[in-house]
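In: sharing a model that was predicted from the sequence below.
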Amino acid sequence: MENQEMNNVPETETKAAEMLTIKFSRKLAKPFTTKGGKEMVAISIPNADPDDKRSWEAFVLPNTMVHSDHYGSKSIWTKLPVDGKTVLSRSVPTENGGWGKEERTVDNTTLKGMVEAYKLKPRNQEAR
């Protein structure tokens, strides 16, 4: 009888958050270690417009959130909450000749579209 009372947890607490899977090339991920010793991965996002010559935007995730396909693929993947937001940053030149950071926040569904934009480009058969 006591066990039945403990299992009466509200449905909202047991419901798992919806996750969004983002797949990208291993070449876009750059592992690094923070000053505090944490293993992280910076994931670069290529500019969608080929005429955009600015540096690529990037976001950072803990190393434990980035996973490799085990079938010899050159892609890796991560899962992020559907309703979450991610900060993107890029290096920009400053007025005094140095470099600064430009940051913006995007929702994770937009992030998935940005990272996986290469899938929308037509494949060039001559490039083989």
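Out: Perfect, thanks for sending it.
In: buried set for the longest helix belonging to the chain?
Out: For the chain, the helix with the greatest residue count under DSSP state H is helix 108-115. For helix 108-115, burial by neighbour count (16 or more other C-beta atoms under 10 Å) applies to N108, L111, K112, M114, V115. (Glycine included, C-beta is placed from N, CA and C.)
In: which of the residues you listed sits closest to F59?
Out: Each of those was checked against F59 using C-beta to C-beta; the closest is L111, at 7.2 Å.
In: show me where the chain has helices.
Out: Applying DSSP H to the chain gives helices spanning 2-6, 11-14, 108-115.
In: thinking again about what came up before, now the buried residues of helix 108-115 in TSV, with distance to H70 and pLDDT?
Out: What follows is these, written out as TSV (distance: C-beta to C-beta, whole Å; pLDDT from 0 to 100):
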residue	distance to H70	pLDDT
N108	24	93
L111	24	93
K112	22	92
M114	26	90
V115	21	89
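In: rewinding a little: and the longest helix of the chain, how far from the chain's centre?
Out: Centroid displacement of helix 108-115 relative to its chain, using C-alpha atoms, centre = their mean, to the nearest Å, is 8 Å.
In: so what does it touch, helix or strand wise?
Out: With contacts taken as 3 or more C-beta pairs under 8 Å, 6 or more residues apart in numbering; DSSP states H and E, helix 108-115 sits against strand 19-25, strand 39-45, strand 75-81, strand 85-93.
In: output those in a markdown table; the columns should cover mean pLDDT and distance to D69.
Out: Listed next are these as a markdown table, based on pLDDT from 0 to 100; distance: least, C-beta to C-beta, whole Å:
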| stretch | mean pLDDT | distance to D69 |
| --- | --- | --- |
| strand 19-25 | 91 | 8 |
| strand 39-45 | 94 | 15 |
| strand 75-81 | 92 | 6 |
| strand 85-93 | 93 | 22 |
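In: in a markdown table: those, plus distance to E102 and mean neighbour count.
Out: A markdown table is the format used below for the helices and strands packed on helix 108-115 (distance: least, C-beta to C-beta, whole Å; neighbours: other C-beta atoms under 10 Å):
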| stretch | distance to E102 | mean neighbour count |
| --- | --- | --- |
| strand 19-25 | 21 | 16 |
| strand 39-45 | 13 | 17 |
| strand 75-81 | 22 | 16 |
| strand 85-93 | 5 | 15 |
